[in-house]
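[1] I would like to see how this sequence folds:
(2 chains)
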Amino acid sequence: GAVVSQHPSWVICKSGTSVKIECRSLDFQATTMFWYRQFPKQSLMLMATSNEGSKATYEQGVEKDKFLINHASLTLSTLTVTSAHPEDSSFYICSARTVLYNEQFFGPGTRLTVL
Amino acid sequence: RKEVEQDPGPFNVPEGATVAFNCTYSNSASQSFFWYRQDCRKEPKLLMSVYSSGNEDGRFTAQLNRASQYISLLIRDSKLSDSATYLCVVNSQNNDMRFGAGTRLTVKP
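    Just a heads-up that it's a prediction; the model follows:
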């Protein structure tokens, strides 16, 4: 299947700093990428949907100024958690959908810990 | 009401047992349905799509009942390696996937 990578796989930062997470589709072009967040023992919650070259669509309750999403190319989307706080500590997972198939391919996730 | 609801479990079964998971969804306009498997601290991976006619893949059988807005997954002859969290996933009207909270399965020797 298609491969999606995320970087970094884990990050620990101090409260107030910003963290950038990259999501790349390695062997296919993804017109749409999705960003999810998963707290322990909970389901994946969709944060936002990003289409290449346009602004991301955020889910209700997700602050667009805090979670900046850029989808500059068909193979790269970035999520920046600005002024991170301990409550932002979570598992962030991206996924990418191909033009041809309805299936989403998930990245391995990024575990963020904010001290 | 949550868009996708699942019994969180946990289900603890012996090797070789048959186990069934259920899932209900609220959006009657949903078009696509999936079961994903998620291992601890890993990303979800597609297990199988779910079709109206029901479908089988080896030891796994998925069923969809559109009238009741209900999806099921049956695992026969369970293996130790089947231990994971099983996520019911439904495509929303915007073609975005909505995940259930997952059902945790532990298969014991």
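[2] if I've got this straight, residue A:87 is in a helix?
    Yes. Looking at residue A:87 with DSSP: H, G, I helix; E, B strand; the rest coil, it is inside a helix.
[3] Share the number of residues neighbouring the closest residue to residue A:53 other than its chain neighbours, please.
    Nearest residue to residue A:53, sequence neighbours excluded (C-beta to C-beta, 6 or more residues apart in numbering or on different chains): residue A:71, at 7.2 Å. Where C-beta positions appear, they are placed from N, C-alpha and C, glycine not excepted. Residue A:71 has 25 neighbours, counted by other C-beta atoms under 10 Å in any protein chain shown.
[4] Over to residue A:83?
    Using other C-beta under 10 Å: residue A:83 sits among 13 other residues.
[5] Show me where the chain dips below the pLDDT cut-off.
    The chain I'm using is chain A. Regions of chain A meeting the criterion pLDDT under 70 cover residues A:1, A:99-102.
[6] Wait, chain B was what I had in mind.
    B:1, B:93-95.
[7] so where does the residue nearest to the spatial centre of chain A fall, helix or strand?
    For chain A, the residue nearest the mean C-alpha position is residue A:35 (3.6 Å; C-alpha atoms, centre = their mean). For residue A:35, the host element (DSSP states H and E) is strand A:30-38.
[8] After that strand, heading C-terminal, what element do we hit next?
    Using DSSP H and E, the next helix or strand after strand A:30-38 towards the C-terminus is strand A:45-51.
[9] Adjacent strands (with direction) for the next helix or strand after that following strand?
    Counting by DSSP H and E, the next helix or strand C-terminal to strand A:45-51 is strand A:57-58. Pairing partners of strand A:57-58, with direction, according to DSSP bridges: strand A:45-51 (antiparallel).
[10] who in chain B is up against chain A?
    Proximity of chain B to chain A is confined to B:32, B:41-46, B:87, B:91, B:94-102 under the rule C-beta under 8 Å from any C-beta of the partner chain.
[11] on that earlier part again, could you give me the buried positions within the strand holding residue A:35?
    Within strand A:30-38, the residues scored as buried using 16 or more other C-beta atoms under 10 Å in any protein chain shown are A:30, A:32-38.
[12] Which ones, among those, also lie beside chain B?
    With C-beta under 8 Å from any C-beta as the criterion, those include A:34, A:36 near chain B.
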